[in-house]
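J.: give me a 3D structure for the following:
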Amino acid sequence: MSARILAVALFIGITEAAIAGPVIEALPNGHVDWTEGILVVEASGSSNTGAWQDVKAVEQAAFAQLEPRVEDAARQVRFSADTLAGDLLASSGPVARSLEDGLTGWRVTETRYYASGRVELRAELPLHAWLRPALVSQAAGQPDDDAPEPQITGVVVDARGLGVRPALAPQLLGPDHSALYGVADLSEEVAVSVAPVLWITDPSDALATARAGAEPVFLRATAVVGGSDLVLGRDDAIRLRTLRASSALLSTAPVVVVVDP
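T.: The predicted structure follows:
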């Protein structure tokens, strides 16, 4: 059995023991779905009478709760291992102003009415669309149109069992903690379109194939730095350095990270 087939078998075999699902991080009043890349916040209220006019008033009151809750939760989203979205908002300059304006991009995606008069609202804020100005400001990669097409189509990193805390723009590091991949490797065009990594719980997920392609290289993270940056072992670090040096593939963000459900 080849090393690649063995790696795929190990990835899929381990996953069969668990139910695949999105990568969810709980927050007060909501959560982050890191697989879909959305912040979800909820608010609710109850009517004492159940009258329609009263229920509408409760709905409006619940809606009024959403804006401060979305802003509070959004500030807690990790942009990178050492930076929260709130840190970016607190800085000065055009990126902070763009993010402040982008906080109005949340939308109510579901309203639930109950016979008791209770009303529940669900709001969503797409994280990539909101934090895109920060990604683009750090993107420095340049696609090389003349470089030969690599046989490898992407990178899948197994980070299960390490207690990783997802972030929008984590780094892949070598054993000496030197940076092997991060948002700086992306071209501006790619940073506008996608986040640096896709977070999933199942390497056989169709989303992983869509991002990393049919012939990815499988790597294993051995440690975590800052909660979100992933350290690779010596051999895997060499593989990634070789890929980075021989092609412009990493500038297209073909990176998938597998974490525990």
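J.: which positions in stretch 112-131 come out as buried?
T.: By 16 or more other Cβ atoms under 10 Å, the buried positions in stretch 112-131 come out as 117-128, 130-131. In short, each C-beta sits where N, CA and C put it, glycine included.
J.: tell me where the stretch 1-150 of the chain has strands.
T.: Ranges of strands in the stretch 1-150 of the chain, per DSSP state E, counting those that start in this stretch, are 24-27, 30-33, 38-45, 78-80, 83-84, 107-113, 119-126.
J.: and the first one, how far from the chain's centre?
T.: Between the centre of strand 24-27 and the centre of its chain there are 12 Å (Cα atoms, centre = their mean, to the nearest Å).
J.: what sits up against it?
T.: 31, 32, 33, 34, 39, 41, 73, 76, 165, 166 (Cβ atoms under 8 Å, 6 or more residues apart in numbering).
J.: please put the alpha-carbon coordinates of that strand into CSV.
T.: Extracted in CSV, the C-alpha atoms of strand 24-27 (Å, rounded to 0.1, in the frame of the first residue of the first chain):
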residue,chain,number,x,y,z
ILE,A,24,-18.8,24.9,16.0
GLU,A,25,-17.4,27.2,18.7
ALA,A,26,-19.9,28.3,21.3
LEU,A,27,-20.2,32.0,22.3
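J.: partner strands of it, parallel or antiparallel?
T.: Next to strand 24-27 in the sheet, as set by DSSP bridges, lie strand 30-33 (antiparallel).
J.: still on that earlier bit, could you identify the most distant pair in the contacts of strand 24-27?
T.: 41 and 165 (19.1 Å; Cβ to Cβ).
J.: so between these two, which is more surrounded?
T.: Set residue 41 next to residue 165 and count neighbours by other Cβ atoms under 10 Å: residue 41 wins out with 27 against 15.
J.: can you tell me the closest non-neighbouring residue to the more buried one?
T.: Leaving out its chain neighbours, the residue that sits closest to residue 41 by Cβ to Cβ, 6 or more residues apart in numbering is residue 30, at 3.7 Å.
J.: roughly how far apart are the one you found and residue 169?
T.: Distance, residue 30 to residue 169, using Cβ to Cβ, to the nearest Å: 21 Å.
J.: what about residue 111, how many residues nearby?
T.: Residue 111, neighbours per other Cβ under 10 Å, totals 12.
J.: dump the residue contacts of the closest residue to it other than its chain neighbours.
T.: Distances taken as Cβ to Cβ, 6+ apart place residue 121 nearest to residue 111, at 5.6 Å, with adjacent residues excluded. Shown in contact with residue 121 (Cβ under 8 Å, 6+ apart): 42, 43, 44, 59, 62, 63, 66, 108, 110, 111, 112.
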